[in-house]
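Provide a 3D model corresponding to the input given below.
(one chain, ligands or ions: 1)
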Amino acid sequence: MLGFFRDGTTLVCDGVRLDAIAREHGTPLYVYSAESIRRAYRALDEAFNGYPHRVHYALKANSSLAVVRVLADIGSAVDANSIGEIELALRAGFQPSDIVFTGVGKTPDEIDRAVALQLKAINAESAGELERIDRAAQARGTRVRVALRVNPDINSGTHPHISTGLHVNKFGVPLEQARAIYRRMVSQPGLQPVGIHVHLGSQIVTLDPLQKAASMVVRLAAELREVGVQIEYVDLGGGLGISYDGSRVPDASQYASAVLPILRPSGLAVVLEPGRLLVGAACALVTRIVDIKDSPGGRQFAVIDGSMTELIRPALYGAFHRIEAVTPRDARELPYDIVGPVCESSDAFGQDRRFAALEVGDLMAILDAGAYGSAMGSNYNRPPFAPEILVDRGRARLVRRRQTLDDMLALEQ
Ligand SMILES: Cc1ncc(COP(=O)(O)O)c(C=O)c1O
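Predicted coordinates:
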């Protein structure tokens with residue numbers, strides 16, 4: 001068995017006990033299953049088997065080098081959202097032709113570096129940005145591959161903070177403007193339009209909006225072909241959700257079955273930018289209970305040593321994560337609020353969760369912490385960045401050590 005499961009009573013990652021890892025490296029800490037990442041990648045890649053496609057892992061979900069290298073080793077490409085992510089991808093071994101560069105508000109330095117690198121494509125967010133890319137390309141005497149990000153005004157049904165495909169969202173350009181912008185590109189000597197990009201948002205758990213977006217970009221590609229603009233591929237972005245609470249959500253093969261019939265008649269290759277789908281379920285944040293006290297609701301607060309600084313999703317979006325005792329004791333179940341130590345009432349991981357009686361010192365695992373966990377980590381209240389452990393083929397390896405106070409203060413004078 002792979003991933004997180006119980007070996008007897010104790011929670012393990014790919015067969016390695018979480019309590020042993022916590023004893024060696026302290027808490028809080030992130031534990032990743034390399035094989036879970038590979039499994040998720042293969043499921044998506046194989047679902048599109050037989051159709052020209054390329055998976056560009058969205059680095060923003062988790063750009064820890066060891067995680068990124070697992071994906072590099074099995075043939076993924078990447079989607080970068082800043083020059084920092086581009087440089088990281090190069091260090092992880094990706095070629096510029098493996099990288100698409102998305103992002104609202106690219107700076108002149110970022111554009112210039114991206115132009116110099118000759119990436120697979122820059123996903124442009126506006127007509128103004130395309131003009132700046134064109135100028136940067138001409139200054140270097142080159143032509144740059146670009147895709148325009150289209151905002152389709154489709155409601156993906158996800159949390160408003162992570163919805164990106166509605167007109168009120170800041171991303172891309174409305175479809176009505178996209179045609180004219182593509183036509184203009186023909187007369188911009190620094191630009192080579194190669195793709196159409198769309199991304200509706202994150203943690204999307206219904207296929208209908210994703211199908212609508214696919215239909216829209218395929219239609220746009222056909223219209224462009226009629227006016228002489230020939231693109232190579234459509235980039236459907238990322239966004240497919242995972243099940244945080246055990247409820248059924250569409251999987252990679254259902255997603256492929258939903259969009260392939262739309263893509264196939266176009267013959268256009270497809271780029272996919274999954275983040276959460278590949279790494280979300282591959283990590284547990286392992287924490288220790290530091291205090292237990294009564295709460296007025298007849299429950300108890302169990303205060304853990306991990307917080308919104310390691311996993312901000314519950315505080316930011318009210319997101320649900322399963323929480324499990326690493327080794328539950330044989331005792332009566334009681335209701336608990338699992339909270340972190342940060343000085344914010346939103347620093348809470350779960351309300352009214354039932355556990356066999358907990359005690360100070362117990363290890364608690366917060367599951368599905370691989371996406372937008374470590375990547376959104378902070379030093380708020382000055383905890384050090386937590387270490388990261390990658391379990392691979394039965395071996396637990398420290399891939400990021402715990403930050404020290406000196407590390408934390410290194411930039412300060
Ligand atoms: C342009 C783009 N592509 C891909 C992703 C990855 O999304 P997810 O992790 O939901 O797959 C994001 C994140 O929202 C994004 O903004």
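
Which positions in the protein make contact with the ligand?
Residues of the chain lying close to the ligand (CB under 6 Å from any ligand atom) are 58, 60-61, 79, 102, 164, 199, 202-203, 237-239, 273-277, 371. To be clear about C-beta, it is placed using only N, CA and C from the backbone, and glycine gets the same treatment.

Relative to residue 293, how far out is residue 184?
The spacing between residue 184 and residue 293, counted by CB to CB, to the nearest Å, is 64 Å.

Name the residue in those two with the higher neighbour count.
Using other CB atoms under 10 Å as the criterion, residue 184 and residue 293 rank with residue 184 on top: 15 against 8.

quick one: contacts for that one?
Residues near residue 184 by CB atoms under 8 Å, 6 or more residues apart in numbering: 127, 130.

can you tell me the average pLDDT over stretch 302-317?
Mean pLDDT, stretch 302-317: 97.

now swap in stretch 377-388 and tell me
Average pLDDT, stretch 377-388: 98.

Kindly report the same for stretch 192-200.
Averaged over stretch 192-200, pLDDT sits at 97.

Would you mind writing the CA trace of that stretch as CSV?
Extracted in CSV, the C-alpha atoms of stretch 192-200 (Å, rounded to 0.1, in the frame of the first residue of the first chain):
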residue,chain,number,x,y,z
GLN,A,192,4.5,34.3,-32.2
PRO,A,193,1.0,33.3,-31.0
VAL,A,194,1.2,29.6,-30.3
GLY,A,195,-1.6,28.9,-27.8
ILE,A,196,-4.8,30.0,-26.1
HIS,A,197,-4.8,29.9,-22.3
VAL,A,198,-7.7,29.6,-19.9
HIS,A,199,-7.7,28.8,-16.1
LEU,A,200,-11.0,28.9,-14.2
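
Spatially nearest residue to the residue of the stretch 251-400 of the chain found nearest the ligand, not counting backbone neighbours?
Nearest residue of the stretch 251-400 of the chain to the ligand: residue 275, at 2.5 Å (CB to the nearest ligand atom). Leaving aside its sequence neighbours, residue 275 sits nearest to residue 61 (CB to CB, 6 or more residues apart in numbering; 2.9 Å).

Name the spans of this protein whose pLDDT lies under the cut-off.
When residues are selected by pLDDT under 70, those of the chain lie in 162-163, 166.

longest helix in it, by residue count?
When the chain is parsed with DSSP state H, its longest helix is helix 207-226.

ok so, going back, wait, the residue of the stretch 251-400 of the chain closest to the ligand touches residue 58, no?
Yes - at 3.4 Å, residue 275 counts as touching residue 58 under the criterion of CB atoms under 8 Å.

Relative to residue 211, how far out is the nearest residue to residue 216 once chain neighbours are set aside?
The shortest distance from residue 216 to any non-neighbouring residue, by CB to CB, 6+ apart, is to residue 152 (5.0 Å). To residue 211, residue 152 is 12 Å away according to CB to CB.

More neighbours: the two, which one.
residue 152 (24 against 16).

can you pull the contacts of the more buried one?
If you count contacts by CB under 8 Å, 6+ apart, residue 152 has them with 165, 175, 198, 200, 212, 213, 216, 217.

Quick check: the farthest pair among these?
175 and 200 (13.2 Å; CB to CB).

Counting neighbours, go ahead and name the busier of the two.
residue 200 (27 against 17).

Next up, the contacts around that one.
Residue 200 touches 152, 154, 156, 158, 163, 164, 165, 209, 210, 213, 237, 239, counting by CB under 8 Å, 6+ apart.

Residue 302 - that's part of a helix, no?
No - in this structure, residue 302 is strand, not part of a helix, as judged by DSSP: H, G, I helix; E, B strand; the rest coil.

Pretty sure it sits against residue 289.
Yes - contact status for residue 302 versus residue 289: in contact at 5.2 Å, counting by CB under 8 Å.

So which of those two has more stuff around it?
Between residue 302 and residue 289, counted using other CB under 10 Å, the more crowded position is residue 302 (28 against 20).

how about the nearest residue to the more buried one, chain neighbours excluded?
Closest to residue 302 by CB to CB, 6+ apart is residue 336, at 4.7 Å.

in the sheet, who's paired with that neighbour?
residue 300, residue 353 (DSSP bridges).

I'd like to know how many residues surround it.
When neighbours are counted by other CB under 10 Å, residue 336 registers 23.

so what's it up against?
Taking CB under 8 Å, 6+ apart as the criterion, residue 336 is in contact with 299, 300, 301, 302, 350, 352, 353, 354, 355, 358.
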